[in-house]
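[1] how would this look folded up:
(one chain, ligands or ions: 3)
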Amino acid sequence: MSSITIINHPLIAHKLTLMRREETSTAKFRSLLKEISLLLAYEVTRDLPLKSEEIQTPLRVMQAPVLAPEKKMVVISIMRAGQGILDGMLELIPSARVGHIGLYRDPRTLIPIEYYLKVPHDVEERDMFIVDPMLATGNTAVAAIGRLKELNPTSIKFVCLLAAPEGLDHVQEEHPDIPIYTTAIDEGLDEHGYILPGLGDAGDRLFGTK
Ligand SMILES: O=P(O)(O)OC[C@H]1O[C@H](OP(=O)(O)OP(=O)(O)O)[C@H](O)[C@@H]1O
Ligand SMILES: O=c1cc[nH]c(=O)[nH]1
Ligand SMILES: [Mg+2]
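    Ligands and ions are numbered 1, 2, ... in the order given. Just a heads-up that it's a prediction; the model follows:
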């Protein structure tokens, strides 16, 4: 069974509450998601390997830790809303490459439709972080992970902001090998597949399309 990590931090909890509020503007919603994503990036890269390198400080020589250079990363944004997490992740790991997968939910069937895929050419040499703020029914995450597994990255982690229990169960059933990171697990889903209490439609709130 894949692991589920809930990233608990007072700053994240506070910022997530601000994001949930109906009156929060698009500009504020976007900047809050970016701020939370910096903290998410910090947590999901916790197990990156280090190697030791000799450096010269102003006072003396020392053996100092640096990231192992062979550890290459790719962040895959599930469009559109994944873009909001991608921006924050890249600020912390600027050397990561970026891929995009375009998936939207058919509002009637809640089945994800793929409309775009572009990834770095050396994706099979990279640790992959798939990012999307919302894990609701899990249909989108299951489809994205399935498609991206075909590309054989060295590892995959799924990173979201908010998850519904139904969606977590679904991803764990279909992809038991993929670790999931989220900042909160909400109560459930409404009849349209929206997370309750949730924060509404993340893509619309991020880009002001409603
Ligand atoms: O777990 P699921 O039930 O599949 O729902 C989650 C998906 O729904 C949202 O995308 P949406 O389809 O609204 O597309 P958008 O980002 O373009 O708005 C969200 O960003 C996820 O990708
Ligand atoms: O609550 C939800 C569910 C799916 N997608 C969203 O953007 N919000
Ligand atoms: Mg949307």
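[2] Please count neighbours and contacts with C-alpha atoms only from this point.
    Noted.
[3] Around ligand 1, which positions in the protein sit nearby?
    79-81, 104-105, 132-140, 193, 202-204 (Cα under 6 Å from any ligand atom).
[4] Weed out the non-buried ones from the residues you listed.
    79-81, 104, 132-140, 193, 202-203 (16 or more other Cα atoms under 10 Å).
[5] Out of those residues, name the ones that lie in helices.
    Among those, DSSP state H puts 139-140, 202-203 in helices.
[6] quick check, nearest of these to ligand 2?
    Distance to ligand 2 across these (Cα to the nearest ligand atom) is lowest for Ala202, with 3.8 Å.
[7] Which residues are in contact with the closest one?
    81, 133-134 (Cα atoms under 8 Å, 6 or more residues apart in numbering).
[8] same thing with Ile55?
    61-64.
[9] ok, 6 Å please
    Residues near Ile55 by Cα atoms under 6 Å, 6 or more residues apart in numbering: 61-62.
[10] Distance of it relative to Ala68?
    15 Å (Cα to Cα, to the nearest Å).
[11] swap in Asp201?
    For Asp201 relative to Ala68 (Cα to Cα), the value is 39 Å.
[12] Out of the buried ones among the residues of the chain next to ligand 1, which one has the weakest pLDDT?
    Lowest-confidence member of those: Tyr104, scoring 90 (pLDDT).
[13] quick one: low-confidence parts of the chain?
    Judged against pLDDT under 70, the chain has no low-scoring part.
[14] Could you list the buried residues of stretch 159-178?
    So, applying 16+ other Cα under 10 Å, buried residues of stretch 159-178: 159-168, 170-172, 174-175, 178.
[15] Spell out the residue ranges of the helices in the protein.
    Under DSSP H, the chain gives helices at 10-20, 26-44, 83-92, 139-149, 165-174, 202-207.
[16] Next, the angle helix 83-92 makes with the longest one.
    Pointing back at helix 26-44 there. Put simply, helix 26-44 runs at 50 degrees to helix 83-92, going by axes from the mean of the first three to the mean of the last three Cα atoms, to 10 degrees.
[17] Check the buried residues of stretch 159-178 and tell me the two furthest apart.
    Distance extremes for these: the farthest pair is Leu161 and Glu174 at 20.2 Å, using Cα to Cα.
[18] on that earlier part again, including distance to Ala13, could the contacts of Ala202 go into a markdown table?
    Below are the contacts of Ala202 laid out as a markdown table (distance: Cα to Cα, whole Å):
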| residue | distance to Ala13 |
| --- | --- |
| Ala81 | 20 |
| Pro133 | 15 |
| Met134 | 16 |
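[19] rewinding a little: out of the buried ones among the residues of the chain next to ligand 1, who's nearest ligand 2?
    Among those, and counting by Cα to the nearest ligand atom, the member closest to ligand 2 is Ala202, at 3.8 Å.
[20] Near ligand 2, which residues of the chain? Just list them.
    Counting by Cα under 6 Å from any ligand atom, the chain sits next to ligand 2 at 134, 136, 193-195, 198, 200-203.
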